[in-house]
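K.L.:
okay, predicted coordinates and the sequence, questions at the end:
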Amino acid sequence: MLLSSPTDTALIEADSPISKHVETHEMVMQDNVMRMRQIPKIDLPAGQTVELKPGSYHIMFINLKAQVQEGSDIPMTLTFEDVNGVRQTISITAPARPLASAPHSNHHQKH
Ligand SMILES: [Cu+2]
């Protein structure tokens, strides 16, 4: 999903009927391992296109209400807030993508 805005804006909330919770995440390198973490918002600098994709910023569905097929279109509502605090809500659909190899938390057994 590609997001761009003519003014400084941020994606502050995502919601979808397919899951209980929807979070915005980013990938960060930590101890040479890519991990994801929840972020409160995704900044959209004026005129710049920000891409949401596996391995980068993404929207994560927590506690899915039903099985989701890869590639199926997921309806969701995105809430944006600009620098003046003005909010705008947009309804979209976006294709579901697999996680790739990015576990949420690492549970390595170490000796
Ligand atoms: Cu995630």
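P.N.:
Cool, got the structure.

K.L.:
going by C-alpha atoms from here, please, whenever you check contacts or count neighbours.
P.N.:
Noted.

K.L.:
all the strands of this structure, in order from the start?
P.N.:
Under the criterion DSSP state E, the chain carries strands at the ranges 2-4, 9-15, 19-30, 33-38, 42-44, 49-51, 58-64, 73-82, 87-95.

K.L.:
now distance to the ion, mean neighbour count and mean pLDDT too, for those, in TSV please.
P.N.:
Shown next, in TSV, are these (distance: least, CA to the ion, whole Å; neighbours: other CA atoms under 10 Å; pLDDT from 0 to 100):
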stretch	distance to the ion	mean neighbour count	mean pLDDT
strand 2-4	17	13	93
strand 9-15	13	20	96
strand 19-30	5	16	93
strand 33-38	5	16	93
strand 42-44	13	20	97
strand 49-51	15	14	96
strand 58-64	5	16	91
strand 73-82	16	17	95
strand 87-95	15	12	93
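
K.L.:
what residue is smack in the middle of the protein?
P.N.:
By CA atoms, centre = their mean, the chain has its centre lying nearest to Ile59, at 2.0 Å.

K.L.:
correct me, but that residue touches His21?
P.N.:
No - counting by CA atoms under 8 Å, Ile59 does not reach His21; the two are 10.4 Å apart.

K.L.:
Val83 reaches Leu11, doesn't it?
P.N.:
No - applying CA under 8 Å as the test, Val83 and Leu11 come out as separate, 11.5 Å apart.

K.L.:
which neighbours do these two share?
P.N.:
When contacts are counted by CA atoms under 8 Å, 6 or more residues apart in numbering, Val83 and Leu11 have no shared neighbour.

K.L.:
ok, the residue nearest to the centre of the chain - contacts?
P.N.:
Ile59 sits in contact with 14, 22-25, 52, where contact means CA under 8 Å, 6+ apart.

K.L.:
can you do 7 Å?
P.N.:
22-25 (CA atoms under 7 Å, 6 or more residues apart in numbering).

K.L.:
now swap in Ser16 and tell me
P.N.:
With CA under 7 Å, 6+ apart, Ser16 has these contacts: 22, 75-77.

K.L.:
and the gap between it and the ion?
P.N.:
The gap separating Ser16 from the ion is 15 Å, by CA to the ion, to the nearest Å.
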